[in-house]
Each structure stands twice: as structure tokens, then as C-alpha cells.
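A.B. asks: please find the sequence and the predicted model below.
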Amino acid sequence: MYEKADLHIHTIYSDGVLAPAELVAKAKDAGLSIISITDHDSIGGIEEAIAAGKEKDVEVISGIELSASLNGTEIHILGYFVDHTDKNLTDSLSGFQVERMNRAKRIVGKLNKMNVPIDIDSVMEHVTGDSVGRPHIANALVTDGHAASYEQAFMKYIGDGRPAYERKWNFSPEETIRLINKAGGLSFLAHPGRSMNEDLLFRLIKAGLDGIEVIHPSHSPELVYYYRGIVNEYCLLESGGSDYHGGEKSDDQTLGRFGISASTVDIMRRRLTSN
């Protein structure tokens, strides 16, 4: 039987809508045998997911999606097989959570100056995991009647370049790759898409990037072909997943459709043992 793996899934510990155990059950129903929980800047859901995976016969790979920035450009780097108890990793993530909270408070302050009477307590009511972010602020804006929809909250107030936007503090790409590698994991550039700057891509490869997320719902067949060529040319690893969040993301149809084979995951394991 062909075994399928989805290595890009989010839970309530970042901006997903399902608890880890619920997500494992949904992945099982979607025909997946391997998944990776890759919450934004959080490893909080991994242990629950691993325990649920043992009950459902779904292998759960410990993962994370970290934000990095270079010259004002934000990129996301996925970490797979990380030791989620690694002290350097957990300490760094604690710092991320503090910065995320400070950013949320600054956004709320900007909204208040725009005569939008929202407070941080109403935002935190929408946070169930470790990280507070713009999706939670958007949900609060909708719930409190300041935006007609999640999408409008971003377009009108908090999206990139909008009046209440605040840039997120991030590590450099090199620091992010080192953080993942020191925690025993493999680093992958997430959903590079059509706009990825080639100079940045090659800087990441030079910094020790292990692979690229080739398969993603936003990647056309032409982009898949292009990034697979980069992977082969530079002896990198290939990954893929649905980037499943659920809820407002309207991506229920992606789970089980976007991903890689179990044999491709095995290639990752062999790279780990050879490092």
C-alpha cells in the first residue's frame, strides 16, 4: 500500500483550529500514515499529537515552522525531527512568545488610535495555544463587530502595509537554520512560491538549508518542477504538505491531497543519521 505523508500541519497551538488529537484523527481519516505538526514558533502540541498518533497508528514527526527575516522580507523555515525538549530551542521559543505578545499589544494600540475599541483581553480569548498572532486579532475584530469577516480584518486593518500593521521580530535565516540543526532537526524552506528571490535562496543553501518544501497547495506544476530541479542540482531534500489550518482558511480539501511518500521521509531519516 502506498503510504502518504503530510509534513505541514497546524494545530490550536498556533493558528490552526483543531487540537492535536483531533488533527491526528482527521489525518487518519484522510488516509495519511505520517504527519508532522509544524505550528508557528511553537512545539506545544507535539507530545499530545505523538500520543494520539500511537493510538491511531499515525506516525507524528516533531516539527515546527519558524519565521525568519532578511532586509524586511519574511520567510518561513520548517524544522523536522527536532528534539522538542532541547533547552536552546525551548528558551528561544519562550523569547518568541514574549515578542509576539508585545507585537499584539502594539497592533491593539494602533487600532485604538484608529478609534477601534478593542483590547488585548478580547484578543487573548481567541488564543488556545502558545502563540498570539494576527489571526487571533482578526477573529477578535470580527467577534467584537469591527470587521465583517476575517479577510476584511486583514484588508482593512492588520494586513501587510495596512494602518495597524506591525512588523514581527524574527531571527535571521542563518540563526533559524542553526537553531533547528542544533535541536537535531532538518531545516526546509517553506512554500517558497513564485516570488522567492534567487539570491536569498542560494544564501539559505550556503547557510546549510537541508531542503525545500516542493509540494504545497500554492505551487503550480511549473513551480514544483522548478524547485525539484533546485533540490536535485544542490543535493537537497524534498518535502511537502497541505499547510492545513482548518476553519477560516477553508482548506479542508487539501488534507490528504498534498504531501510526499513515506519513502521520501525515509530519505530524510537517512540524512539525519549521516549528519
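C.D. replies: Now that the structure is in, tell me what you want to look at.
A.B. asks: start and end of stretch 14-33, how far apart?
C.D. replies: 23 Å (CA to CA, to the nearest Å).
A.B. asks: please read the previous query as pertaining to stretch 166-182.
C.D. replies: Distance between the two ends of stretch 166-182: 30 Å, counting by CA to CA.
A.B. asks: so for that stretch, mean pLDDT?
C.D. replies: The average pLDDT for stretch 166-182 rounds to 91.
A.B. asks: skip the chain neighbours and tell me the closest residue to residue 269.
C.D. replies: Nearest-residue entry for residue 269: residue 81, 7.7 Å, with adjacent residues in sequence omitted and distances by CB to CB, 6 or more residues apart in numbering. For glycine as for every other residue, the C-beta is placed from the backbone atoms N, C-alpha and C.
A.B. asks: the one you found contacts residue 59, doesn't it?
C.D. replies: No. Contact between residue 81 and residue 59 fails when scored by CB atoms under 8 Å: they sit 11.5 Å apart.
A.B. asks: rewinding a little: can you count the residues close to the residue nearest to residue 269?
C.D. replies: 18 (other CB atoms under 10 Å).
A.B. asks: need the pLDDT of residue 249.
C.D. replies: On pLDDT, residue 249 comes in at 48.
A.B. asks: quickly list the domain ranges of the protein.
C.D. replies: 4-86+172-274, 93-158 (automatic domain parsing).
A.B. asks: how about the strands in the stretch 51-200 of the chain?
C.D. replies: 59-70, 73-80, 186-189 (DSSP state E, counting those that start in this stretch).
A.B. asks: for the last one, which helices and strands make contact with it?
C.D. replies: The contact analysis (3 or more CB pairs under 8 Å, 6 or more residues apart in numbering; DSSP states H and E) places strand 186-189 against strand 73-80, helix 173-182, strand 211-215, strand 237-240, helix 262-274.
A.B. asks: tell me which of these is the most buried.
C.D. replies: Across the helices and strands packed on strand 186-189, averaging neighbours per residue (mean count of other CB atoms under 10 Å) puts strand 211-215 on top, at a mean of 25.
A.B. asks: any idea of the angle it forms with strand 73-80?
C.D. replies: Orientation of strand 211-215 against strand 73-80 (axes from the mean of the first three to the mean of the last three CA atoms, to 10 degrees) gives an angle of 90 degrees.
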